[in-house]
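A.B. asks: quick one, what's the 3D model for this:
(chains A and B)
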Amino acid sequence: MNAEGEVAERLRLEKSIDAMGSTFLIALYGCDRNQMEAALSAAFDEIRRLDEMLSNYRPASKWSEVSRDAAERPVRVSPELFQLLSRCLEFSRRSEGTFDISVGSLQKAWGFFKGTGRLPSRAEVAAARAKVGYQHIRLDPAARTVRFDHPGIELDPGGIGKGYAVDRVVEILQHRGFDTALIAGSASSIYGLGAPPTELKGWRVNIGDPRDPRKAVAEVFLKNMAVSTSGSYEKFFWAEGRAYSHILDPRTGYPAQGPLSVSVVAPHALDCEAWTKPYFINGRQWTAQHKPEGFHVFFCEAGPELACAWL
Amino acid sequence: MRWPRMWKDPSALGLLKGTAVNYLLVERHDDLGPVVDRARQEGFKVTEAASPPAGVTVAEGKWPGVKLSESGAVDTAAAGPTGNPWVDSNGWKVRLTAALHPGTEVWVEATPKEPRLFTESYLTAVADAAAYGGRWIISLDKQLAEGIAGQKTEALETWKKITGAAGFFAARRDWSDYLPQAAMGIISDFSGQNEFLTHETLNLVARTNQQYRIVLKTKVSESSFSSLRAVLYADAEPPALELRKQILAFVQAGGMLITGPKWGELSGVLATDEHPRYTLRTFGKGRLAVAKADLDDPYLVANDSVVLISHRYELLRFWNGGAVGSYFTTAPDRKQAVVHMLFYASVRGGDPSVRVAGQYRTARLWTLDRKAPRSVEMEIQKDAVELHLPPVSQYAAVELEGWSPRGSFGRKE
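C.D. replies: Numbering: from 1, shown residues only, chains lettered A, B, ... in the order given. All right, here's what the predicted structure looks like:
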């Protein structure tokens, strides 16, 4: 309501930012354009800050410093980064090593770091695989430091960065009094805050058909929920007559032979993003046994016909 | 520019003083008569909004920018593993219209749908047409038009930026004569039963940042294939005998043909590598990739083409680019190259890098907000340069000199 006691007109603003090698888009409903613009500005500042902190492309980022120095000495990090790394190790333990932020050297061996993929030799994979292992990441809560007990470990933020940023933006918008927004880290990490006036069930999100992502195989309505999707059908390369996906199994060092795509719907974007890959790698049965209450998982599997279903 | 209906006072023409706006499209209304009269007196060309002037072809476009989903449905998003959002761009349409209507100017008709847009959205609209050699018909949203008429500071600032961007491209009109660099040629008549597939393929190939050349099948010559790695022939009917010969000569010399089963009788020897949707054959020094089923899905055609040609032949490759579009051109005298980059997000968070195939001595960066170019950090590699750009928004162009490309040079579409 405005000062005259009238119900103010609901405005909708939509703005996007390129960051983390991706594009974040926020659609925000509110009544005061100035406050809305200020909230979007604060959200984008936060995304920039996280891009600075979590980038493995920027040598000066804290993330890069940890990768570079933690095998030599304990690296002290911010409480926020310490907590995020702790969450990552928890994901690794619970996923039986199929989620692992220490896959940086494998990503490089397969040419997915600043590249479009290449087929490495067995020896190269073995050498890179030897530098992977979340067990080698030692966190000291008292000193708030990170230490690697093995040389060559390189952290890769690819599996958590966007999801974490989306969750942080949700917090910022809520803190500023907004209750209706869609926050999308490209198409792969999306959070629906409240429900838009156009659809009271929530923000409509179409899950793409892995064989033609412009078509939808399912729709979900996000109301204070997030969705993330991982799939082998978009980022891959061909070599020696077969396709190699960018989803690497940290335990083997090779691309996972999983389904075509996995989507996870859960209350937090970080959880969604982190769990899509373990569910992809471990498959439907493992997922059914291990997914927490309140998580909804959508599998699309290849075959003569596309088979997609919710767990 | 499309003259806002509410600007009835001829004094509003003063806003155009010193800008690149020289043509007014005005709705036929009696109350705009004084504006039309004054505009003509002041040397502006004026035409009715519904009828473009001679020498101009109008391309119906979409409002360019990042979208929640391709459908454009409000408050509806698309979920998938991609790190790239859907982007609407009119660049491919400008290029195709220019190829189909040589000798005419291409104007893009894309009107704002939102009641009030951000300034950067307008800059994208200007650049998305102009980078590809077209001109966006400036069309203001209602609130902006009102704000400008009411002399509101913010609205006037936006207006200044819009006309500044238009002026930037007007001052570099020679860039429109530059020739597109391409790895892939797309051969078609782009009409009739081939229209949907080929138009959408152009749109989607552009989204991959694969550099392509439009080749009209009625105008194919030997030079149509110069410097290309591959050609795509996806028309519903097989090529005429002469065209078939020309394409096969290109393949024999080392190129690749990507086509569908309608191509007709196949030559060559089956290759050992496999593709789920294509049969691969070697022919002379080159390769044939023939789809196992009819080519009817532009999404698959576009994405398969990029993979079949191989990422190693990409002329441009972006890192941290975000929602980026690109157009790589060279001057007719071959002394300069320009890489046009369109950043469709409203705001830029990080610093993009781009790898440009070929070797160059100097690079300078042009952006809409500066009158002079900036130097840009350039890392020289074996057969390419990698450019590390500062955070740039909406549009940037890198002008490269001292060119020594991997292949031969571009040609007019």
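
A.B. asks: helices and strands of chain A: which one has the lowest mean pLDDT?
C.D. replies: Taking all helices and strands of chain A together, the one with the lowest average confidence (mean pLDDT, DSSP states H and E) is strand A:236-239, at a mean of 66.

A.B. asks: the longest helix in chain B is where?
C.D. replies: Among the segments of chain B that qualify as a helix by DSSP state H, the longest is helix B:153-170.

A.B. asks: what does the stretch 251-400 of chain B put close to chain A?
C.D. replies: Residues of the stretch 251-400 of chain B lying near chain A by CB under 8 Å from any CB of the partner chain: B:272-276, B:297, B:299-300, B:307, B:310-311, B:314, B:317, B:319-324, B:343-350, B:352. (Each C-beta comes from the backbone N, C-alpha and C, glycine too.)

A.B. asks: which of those residues count as buried?
C.D. replies: B:275, B:297, B:299-300, B:307, B:310-311, B:314, B:317, B:319-324, B:343-350, B:352 (16 or more other CB atoms under 10 Å in any protein chain shown).

A.B. asks: shaky segments in the chain?
C.D. replies: I'll assume chain A. In the prediction, chain A carries residues with pLDDT under 70 at positions A:1-8, A:114-116, A:233-243.

A.B. asks: let's do chain B instead
C.D. replies: With pLDDT under 70 as the threshold, chain B has low-confidence stretches at B:83, B:115, B:403-413.

A.B. asks: go with 80
C.D. replies: For chain B, the stretches flagged by pLDDT under 80 are B:29-30, B:49-50, B:70-72, B:82-84, B:114-117, B:274, B:349-350, B:403-413.

A.B. asks: so A:M36 is in contact with A:I26, correct?
C.D. replies: No. With contact defined as CB atoms under 8 Å, A:M36 does not count as touching A:I26 (9.9 Å).

A.B. asks: who has more neighbours, the two?
C.D. replies: Legend: neighbour count by other CB atoms under 10 Å in any protein chain shown for A:M36 and A:I26, higher for A:I26 (25 against 22).

A.B. asks: surely the more buried one is within a helix?
C.D. replies: No. Secondary structure assignment (DSSP: H, G, I helix; E, B strand; the rest coil) places A:I26 in strand, not in a helix.

A.B. asks: host element of the spatially closest residue to it that is not a sequence neighbour?
C.D. replies: By the measure of CB to CB, 6 or more residues apart in numbering or on different chains, the closest residue to A:I26 outside its immediate chain neighbours is A:I183, 5.3 Å from it. A:I183 is part of strand A:181-185 when elements are defined by DSSP states H and E.

A.B. asks: for that strand, output the C-alpha coordinates as CSV.
C.D. replies: The C-alpha coordinates for strand A:181-185 follow below in CSV (Å, rounded to 0.1, in the frame of the first residue of the first chain):
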residue,chain,number,x,y,z
ALA,A,181,11.3,-13.5,-7.6
LEU,A,182,12.9,-16.0,-10.0
ILE,A,183,16.6,-16.3,-9.8
ALA,A,184,18.2,-18.3,-12.6
GLY,A,185,21.9,-19.2,-12.8
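
A.B. asks: ok, that strand: who's next to it in the sheet?
C.D. replies: strand A:22-30 (antiparallel), strand A:189-193 (antiparallel) (DSSP bridges).

A.B. asks: please identify the buried residues of the very next helix or strand once past the first one?
C.D. replies: Which is strand A:22-30. Remark: after strand A:22-30, the chain's next helix or strand is helix A:33-54, criterion DSSP H and E. Buried residues in helix A:33-54, counting neighbours by 16+ other CB under 10 Å, are found at A:36, A:39-40, A:43-44, A:47-48, A:50-54.
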